[in-house]
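> Dropping the sequence and predicted coords here.
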Amino acid sequence: MSTSPRALLFQLTLAALALPAFGVAQTPETTLGKPDVVIIAAGMPSPQQSMLLTTARGFYRFWNTNDDQTLKRVLSPHFMDRNLPDGRPQGPTGPSFANTQFHQAVPDLHCEVTQQIVAGDRVVSNLRFTGHFTGTFGELHGSGQTVDFVATDILRIESGKVTDNWHLEDNLTFQQQIGVIKK
C-alpha cells in the first residue's frame, strides 16, 4: 500500500519537528525556526545527517548575526561561490562581504530556513529573508520598508565545512521592496 502525498508530508513534518536543536542556545538573533519540512535521503547515517544539518544551520545563523567567527567555524578556507554576483569577492570572504552589504541596508535582517533536503554531501535549503529597509543601499536611504524575499541554496559540505554554494535569491522582489526597481 502506497502512502499518499499528504500523509508523507505529514510524516516528514513530524520528523522535522523531532530533529534536535543540535545543542545551540537560541536567542532572537540566532533563531532560525524549524523548517516546515526536512527530507533526508534514505539510508543516510544519523551522524552524517547531524553533521550536515549542524553545519548548514551554522551558515544560516551567520546571516542573522553577521558574526564572522560563526562563519569561520563552518566555512572551508577553499570555499567557492558557484553563482558569484558581480562585485562580490570569490572565496571565504564573499559571504561576509554580502552579509555586511545586506545588514547595511536591512539592519534587522532575519534568515529563516523553511525547508531542507539532505542527500550525499549536499543540503538544499529554501530560505526566507525578512526585515526593514532602514539603512542604505548604494545611495538609497530606507524609510522602514518591509523586506520579505526568498532564496534557495545548495550547500556542499565536507568534514563539517561548507565548500561550495550554488544560490539563487529573489533579488527582483528585494529591489522592488526597497524602491530600486519600480513594481
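Cool, got the structure.
> quick one: buried residues of stretch 92-102?
Buried residues in stretch 92-102, counted by 16 or more other CB atoms under 10 Å: P92, G94, P95, S96, A98, N99, F102. Just so you know, the C-beta spots here come from the backbone N, C-alpha and C atoms, and that holds for glycine as well.
> what ranges do the strands span in this protein?
37-40, 75-81, 110-119, 122-133, 136-137, 140-141, 145-158, 161-169 (DSSP state E).
> Rebuild those strands as a markdown table, extending it with distance to Q177 and mean pLDDT.
Converted to a markdown table, the strands of the chain look like this (distance: least, CB to CB, whole Å; pLDDT from 0 to 100):
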| stretch | distance to Q177 | mean pLDDT |
| --- | --- | --- |
| strand 37-40 | 26 | 94 |
| strand 75-81 | 24 | 97 |
| strand 110-119 | 14 | 96 |
| strand 122-133 | 7 | 97 |
| strand 136-137 | 11 | 95 |
| strand 140-141 | 12 | 96 |
| strand 145-158 | 5 | 98 |
| strand 161-169 | 13 | 97 |
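> now the longest helix seen in the chain against strand 122-133, angle please.
Of all the elements of type helix in the chain, the one with the most residues (DSSP state H) is helix 46-65. Per axes from the mean of the first three to the mean of the last three CA atoms, to 10 degrees, the angle that helix 46-65 makes with strand 122-133 is 20 degrees.
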